[in-house]
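Enquirer: Mind folding the following:
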Amino acid sequence: MEDKVLKAMQEAGKPVRPGEVAEKLGVDSKEVSKAIKNLKDSGKIHSPKRCYYAPVQ
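Expert: Here you go, the predicted model:
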């Protein structure tokens, strides 16, 4: 799931909200939020502004 979330963020090309990623992937937003937390903890994504996430360049 984390790989899918990261790929969706990279394809978006801009900071996205978890709900947008969930909608694009067709999954529950809770799953996306869990993946985002893990990705953020591992340093693969960051939050440029509140509730928006983007991959680390």
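
Enquirer: After the longest helix belonging to the chain, which helix or strand is next?
Expert: With DSSP state H setting the assignment, residue counts place helix 29-41 as the longest helix in the chain. As assigned by DSSP states H and E, the chain's next helix or strand after helix 29-41 is strand 45-49.

Enquirer: Residues contacting that next one, please?
Expert: Strand 45-49 has contacts (C-beta atoms under 8 Å, 6 or more residues apart in numbering) with 6, 9, 15, 36, 39-40, 53-56. From N, CA and C alone the C-beta is placed, and that goes for glycine too.

Enquirer: Buried members of the residues you listed into PyMOL, please.
Expert: Applying 16 or more other C-beta atoms under 10 Å to these, the buried members can be selected in PyMOL as follows:
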select buried, resi 6+9+15+36+39+53+54+55
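
Enquirer: and which of the contacts of strand 45-49 is nearest to Val21?
Expert: Of all the contacts of strand 45-49, the one with the least separation from Val21 (C-beta to C-beta) is Met9, at 6.6 Å.

Enquirer: Which of the residues in the helix or strand harbouring that closest one are classified as buried?
Expert: Taking DSSP H and E as the definition, Met9 sits inside helix 2-12. Neighbour counts over helix 2-12 (16+ other C-beta under 10 Å) mark 2, 5-6, 8-9 as buried.

Enquirer: Now pLDDT too, for those, in CSV please.
Expert: Shown next, in CSV, are the buried residues of helix 2-12 (pLDDT from 0 to 100):
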residue, pLDDT
Glu2, 97
Val5, 98
Leu6, 97
Ala8, 97
Met9, 97
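
Enquirer: Nearest to Glu31, out of these: which one, please.
Expert: Taking these together and measuring to Glu31 by C-beta to C-beta, the closest member is Val5, at 8.7 Å.

Enquirer: helices and strands around the helix holding Met9, which ones?
Expert: helix 18-25, helix 29-41, strand 52-55 (3 or more C-beta pairs under 8 Å, 6 or more residues apart in numbering; DSSP states H and E).

Enquirer: Tell me what angle the second one forms with strand 45-49.
Expert: In this structure, helix 29-41 runs at an angle of 100 degrees to strand 45-49, with axes from the mean of the first three to the mean of the last three C-alpha atoms, to 10 degrees as the basis.
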